[in-house]
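with the sequence up front, the predicted model follows.
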2 protein chains.
Amino acid sequence: MCQLLGMNCNVPTDICFSFEGFSARGGQTDDHQDGWGIAFFEGKGCRLFIDANPSVASPAADLVRHYPIHSTHVIAHIRKATQGEILLENCHPFRRELWGRYWVFAHNGNLPDFEPIGYQFYQPVGDTDSEKAFCTILDRWRQEFPQRKPPLEQLYRILKATTETLAQQGVFNYLLSDGESFFAHCSTNLHYIIRQAPFAAAHLIDRDLTVDFRELTRPQDRVAVVATAPLTDNEIWTQLQPGELLAFQDGLPQYGLRQPEAKYFSFQ
Amino acid sequence: MCQLLGMNCNVPTDICFSFEGFSARGGQTDDHQDGWGIAFFEGKGCRLFIDANPSVASPAADLVRHYPIHSTHVIAHIRKATQGEILLENCHPFRRELWGRYWVFAHNGNLPDFEPIGYQFYQPVGDTDSEKAFCTILDRWRQEFPQRKPPLEQLYRILKATTETLAQQGVFNYLLSDGESFFAHCSTNLHYIIRQAPFAAAHLIDRDLTVDFRELTRPQDRVAVVATAPLTDNEIWTQLQPGELLAFQDGLPQYGLRQPEAKYFSFQ
């Protein structure tokens, strides 16, 4: 399987600290060495770094670790191949354009028997189940809303339905964003933490590194970090429930369907 | 205006030498400092680096200059903004998926009054004339060949017609590739050189740097480099004619319509 890392903030923030711990799992503290990738949104623009080499041995990962790219929406992935060869075209995150926005998707899990009947607008380039699922999500959205991006509630409703269908095929944890919306779906394993005032120090699990966020933040800053497994050992991470699909905005879960209560909530 | 750099080879080759000279034009030997970008194909996979900072001051450009990425199809661009703000989403090359392949496009020129009536499948994310033209090219191809990529001759015929229409709107030099096909169109200014056995030494115009290709190549290697302006001062570059659209393959112009002779040629 793979591991996911995502970040959603109310002000552009760098992900250097979290990525430092996360990328160690790509061949050092864990065996996800079949490629990695990270996407940063800057407004509507999107930077995408991918590599079929392990993240611990990748010059581009070095760049991401040491060059602070400030972004409000980030999605990263380290790969342990289940389906698809170790090739660049099979590295997550995948990216497509819909409604004049770039959509970025990364998946942790396996949909072993999933084969879409056909594709309408989007075709996979590689041969992973993950990219097939991504194309299916976008195709479904586009069929429903051919002209423009709908309000979050409608977007969520269709995504939830498509996700439930796909999740019946296997394990389907994912992160999905266009730099404005940010979705996190838990099928088996996904955690998040909200960092906001009063800030404290955080210590990585995968490297002996501590950052004191009090020195780096302003009182109004808020950051949500989502990861397959918690990245720090002195903070309390919240585990998403199986079947839970959360929409984050400005560093908070803003909209979602909580299981098992099965009630929509909204912070709006 | 902007500058273009492209490479097409018969074996995966790094572009470090050419990019060294080219990227100097992004703020040092020339004033193209409103962003830059480069796309490398590795099979069907595609790495894309873009930055709204000048290439001479960009950590990602440093990485490209010093980390040899081997590729058979490369497209690079340095930007001097004519239309569209200095933003990440306006940096070339642009990328979209068509027929299960990534297509990458970079433009030198300006289409001042170009406004498509509508988009069918592809919408621009930024606000440049270049991305609008790219979406128009892909839309037209897709309308003509909705299912799969056609043979080169058919692909070329439609591209040629779309290009002629777009070129009536202004200056339209471009590079376009999916990692299999590689097109170069000259509206006003585009040059190429074929490097093949017997190899020699080449000296950059923009930096005092010489590379002796005899030490780096095998006899069967062949590389075509395409650039807005020649990059070396001791080699003979061929200037494309206005209206000329060349399809390169394995480091050679393989198919095209030569002006003013207006005769198709093919090396096949």
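Ah, there it is.

rest of the way, CA atoms for contacts and neighbours
Will do.

contacting residues for residue A:20?
A:65, A:207 (Cα atoms under 8 Å, 6 or more residues apart in numbering or on different chains).

helix or strand: which one has it?
helix A:16-24 (DSSP states H and E).

helix or strand right after that helix?
Assigned by DSSP H and E, the successor of helix A:16-24 is strand A:36-42.

so that next one versus helix A:16-24, what angle?
Counting by axes from the mean of the first three to the mean of the last three Cα atoms, to 10 degrees, strand A:36-42 points 160 degrees away from the direction of helix A:16-24.

ok, strand A:36-42 near chain B or not?
Yes - Strand A:36-42 is in contact with chain B by Cα under 8 Å from any Cα of the partner chain, via residue A:42.

restrict that strand to CA atoms and write it as PDB.
Only the C-alpha atoms of strand A:36-42 are listed here, as PDB (Å, rounded to 0.1, in the frame of the first residue of the first chain):
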ATOM      1  CA  TRP A  36       6.600   9.500  -4.600                       C
ATOM      2  CA  GLY A  37       4.900  12.800  -5.600                       C
ATOM      3  CA  ILE A  38       3.700  16.100  -4.200                       C
ATOM      4  CA  ALA A  39       1.400  18.800  -5.600                       C
ATOM      5  CA  PHE A  40       1.300  22.400  -4.300                       C
ATOM      6  CA  PHE A  41      -1.400  24.800  -5.200                       C
ATOM      7  CA  GLU A  42      -0.600  28.500  -5.500                       C
END
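
which strands or helices does that strand pack on?
Contact analysis of strand A:36-42 by 3 or more Cα pairs under 8 Å, 6 or more residues apart in numbering or on different chains; DSSP states H and E lists strand A:45-51, strand A:71-78 as its packing neighbours.

ok now that strand, how far from the chain's centre?
Offset of strand A:36-42 from its chain centre (Cα atoms, centre = their mean, to the nearest Å): 9 Å.

partner strands of it, with direction?
strand A:45-51 (antiparallel), strand A:71-78 (antiparallel) (DSSP bridges).

partner strands of whichever helix or strand comes after the longest one and their direction?
To tie it back to what came earlier, the one meant is strand A:71-78. Using DSSP H and E, the helix or strand that follows strand A:71-78 in sequence is strand A:94-98. Strand A:94-98 has the following strand partners under DSSP bridges: strand A:101-110 (antiparallel).

near chain B, which residues of chain A?
Residues of chain A lying near chain B (Cα under 8 Å from any Cα): A:42, A:44-51, A:59-60, A:63, A:67, A:87-90, A:96-102, A:121-126.

filter these down to the buried ones, ChimeraX style.
Buried members of those, defined by 16 or more other Cα atoms under 10 Å in any protein chain shown, are picked up in ChimeraX with:
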select /A:42,44,45,46,47,48,49,50,51,59,60,63,87,88,89,90,96,97,98,99,100,101,102,121,122,123,124,125,126
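
residue boundaries of the helices in chain A?
For chain A, applying DSSP state H gives helices covering A:16-24, A:59-66, A:129-144, A:152-167.

in chain A, what helix or strand scores lowest on average pLDDT?
The weakest-scoring helix or strand in chain A, judged by mean pLDDT, DSSP states H and E, is strand A:263-266 (a mean of 54).

spit out the contact partners of residue A:166.
Contacts of residue A:166 by Cα under 8 Å, 6+ apart are A:111, A:114, A:133, A:172.

mind checking which of those residues are in strands?
residue A:172 (DSSP state E).

and the two most separated of the contacts of residue A:166?
Within these, two members stand farthest from each other by Cα to Cα: A:114 and A:172, at 11.4 Å.

show me where the stretch 151-268 of chain A has strands.
A:171-177, A:182-185, A:191-196, A:201-203, A:210-212, A:222-227, A:238-239, A:245-249, A:252-258, A:263-266 (DSSP state E, counting those that start in this stretch).
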